[in-house]
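>>> everything below, folded, please.
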Amino acid sequence: QVQLVESGGGLVQAGGSLRLSCATSGRTFSSYGMGWFRQAPGKERKFVAAISWSSNSTRYADSVKGRFTISRGDPKNTVDLQMNSLKPEDTAVYFCALGLSNLYEWNYWGQGTQVTVSS
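Below you'll find the predicted structure:
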């Protein structure tokens, strides 16, 4: 079994910054990608960012490009999401995900952490 635990969510004013972290534990794999998704109230879950095991490959949703940065931690079983210039429309529950095949398919999910951006 694999556990993903997110942290770092909270309330911030528009224009502010937050840093989310996700740590994995339990079953280990030789390599895997990690990503972040978000789900606003009443809306479907959407992709935010992803990073490969080596950190050589990243991808971002157009809505967060230039504002958010994803990075692997040390050890590599952690992933961070630095969020700058936050907007009220970034308000959502943010989920961490782990993918064993590529940066488009996800096998395991965290429980989520709330991010609220006030105007």
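
>>> excluding chain neighbours, what is closest to the residue most central in space within the chain?
Per C-alpha atoms, centre = their mean, the C-alpha nearest to the average position across the chain is that of Trp36, at 2.6 Å. Distance criterion C-beta to C-beta, 6 or more residues apart in numbering; nearest residue to Trp36, sequence neighbours excluded, is Val48 at 4.3 Å. Where C-beta positions appear, they are placed from N, C-alpha and C, glycine not excepted.

>>> one more: Ser55?
Arg72 (5.0 Å).

>>> burial of the one you found, as a residue count?
For Arg72, the number of neighbouring residues by other C-beta atoms under 10 Å comes to 18.

>>> for it, phi and psi?
Taking degrees, to the nearest 10, you get phi -90, psi 150 for the backbone angles of Arg72.

>>> quick check: it touching Met34?
Yes: look at Arg72 against Met34 with C-beta atoms under 8 Å: they come within range, at 7.2 Å.

>>> which residues are in contact with each of these two?
Counting by C-beta atoms under 8 Å, 6 or more residues apart in numbering, the contacts common to Arg72 and Met34 are 51, 79.
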